[in-house]
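Novice: Return a 3D structure for these sequence lines:
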Amino acid sequence: MLQDYHHRPCAKDIHGLNDYRPVTLTCIIMKCFKRLVMIHVKTQLPPFLDPLQFTYRSNYSMDDAISITLHLPLTHLDKKGTYIRMLFIDFSSAFNTIVPQHLIGKLSLLGLNTSLCNWILDFLTGRPQSVWIRSSTSNTTTLSTGAPKGSVLSPLLFTLLTHDCATMHILIYIFKLTDDTTVVGLISEDDESAYREEVRELVCWCKVNNLHLNVDKTKEMLTSGEHGEITPHLPSTAPQWRPSRTPSSLVFT
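Specialist: All right, here's what the predicted structure looks like:
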């Protein structure tokens, strides 16, 4: 499968190579074929696989994800002695860190047949890539990790990789829209033990699945009701935390 890659800036201010991301450019026939594969994969999946993942869910949109994510905290804040913590997760090049063999293991457990899993593995591994600038072309590098950006299959494969990223406590939620992830903790009576445990578990889960937290862009927000008060608590988890300039906002360090 031959693919061309177009490198486009991922930031307004370009300072180095890390500010560029490769985007796959494929012929129209291959684009149509990958869309057919995506439809076929979706028919093989069990219903209600990940109820808090809003990508590719029928009759749901980004607006629904935002509304539901906000509804639970706002309802919780109507009670006395409550507040919420919302942790906005940012992954560093999330699609680029997918380990195909690890993903295929999850797809097999979800019930996808062997032929389909083998095709996806072949799609993700052994991808030649080079950079072309004017009349100069770099040496070709073969990639066997990650999923090509710009491919309609990549977001779906990422959602399947992260389908088992869930919480055990009923008052802690992980909302997902592809790689946009938000942890919501509904805190009562100053007890953050469940929230802290889930954050620790999330960090461990990321390490196992080769997803890297972007510590500069991952933020946490504390919010109380109109007349509520928050006793400051810094979660003693890894990675460590430090207060930001805004008292109600924390960032990873």
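Novice: drop to CA atoms for contacts and neighbour counts, all remaining ones
Specialist: Noted.
Novice: The stretch 151-253 of the chain: helices as residue ranges?
Specialist: Along the stretch 151-253 of the chain, the segments classed as helices by DSSP state H, counting those that start in this stretch run 153-161, 193-208.
Novice: right, and these - which one's nearest Leu72?
Specialist: Of all those, the one in closest proximity to Leu72, counting by CA to CA, is helix 193-208 (15.2 Å).
Novice: quick one: buried residues of that closest one?
Specialist: Buried residues in helix 193-208, counting neighbours by 16 or more other CA atoms under 10 Å, are found at 194-199, 201-203, 205.
Novice: Nearest to Ile104 among those residues?
Specialist: Using CA to CA, the buried residues of helix 193-208 come closest to Ile104 at Trp205, 17.1 Å.
Novice: distance of the nearest residue to the closest one once chain neighbours are set aside from Ile39?
Specialist: The shortest distance from Trp205 to any non-neighbouring residue, by CA to CA, 6 or more residues apart in numbering, is to Cys165 (7.3 Å). As judged by CA to CA, to the nearest Å, Cys165 and Ile39 stand 23 Å apart.
Novice: who's more crowded, those two?
Specialist: Neighbours were counted for Cys165 and for Ile39 using other CA atoms under 10 Å; Cys165 has more, 17 against 12.
Novice: Centre-most residue in the chain?
Specialist: The residue lying closest to the centre of the chain (CA atoms, centre = their mean) is Asp179, at 2.3 Å.
Novice: lowest-confidence helix or strand of the chain?
Specialist: strand 249-252 (a mean of 36; mean pLDDT, DSSP states H and E).
Novice: how near is the residue nearest to Trp205 to Val183?
Specialist: 11 Å.
Novice: Give me the common contacts of these two.
Specialist: Residues within reach of Cys165 and of Val183 at once, by CA atoms under 8 Å, 6 or more residues apart in numbering, are Ile174.
Novice: contacts for stretch 56-73?
Specialist: So stretch 56-73 is contacted by 54-55, 84, 156, 175, 177, 184, 186 (CA under 8 Å, 6+ apart).
Novice: and of the residues you listed, the nearest to Phe33?
Specialist: Leu156 (14.9 Å).
Novice: From Ile29, how far off is that closest one?
Specialist: For Leu156, the distance to Ile29 - CA to CA - is 20 Å.
Novice: And the two? Which one has more around it.
Specialist: More neighbours surround Leu156 than the other of Leu156 and Ile29, with 16 against 8 (other CA under 10 Å).
Novice: Could you tell me which residues make contact with that one?
Specialist: By CA under 8 Å, 6+ apart, the contact list for Leu156 reads 38, 55-56, 178.
Novice: So which of those belong to strands?
Specialist: Among those, no member falls in strands (DSSP state E).
Novice: would you turn the residues you listed into a markdown table with pLDDT, distance to Ser136 and neighbour count?
Specialist: A markdown table is the format used below for the contacts of Leu156 (pLDDT from 0 to 100; distance: CA to CA, whole Å; neighbours: other CA atoms under 10 Å):
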| residue | pLDDT | distance to Ser136 | neighbour count |
| --- | --- | --- | --- |
| Met38 | 94 | 35 | 16 |
| Thr55 | 87 | 39 | 18 |
| Tyr56 | 80 | 40 | 14 |
| Thr178 | 89 | 35 | 19 |
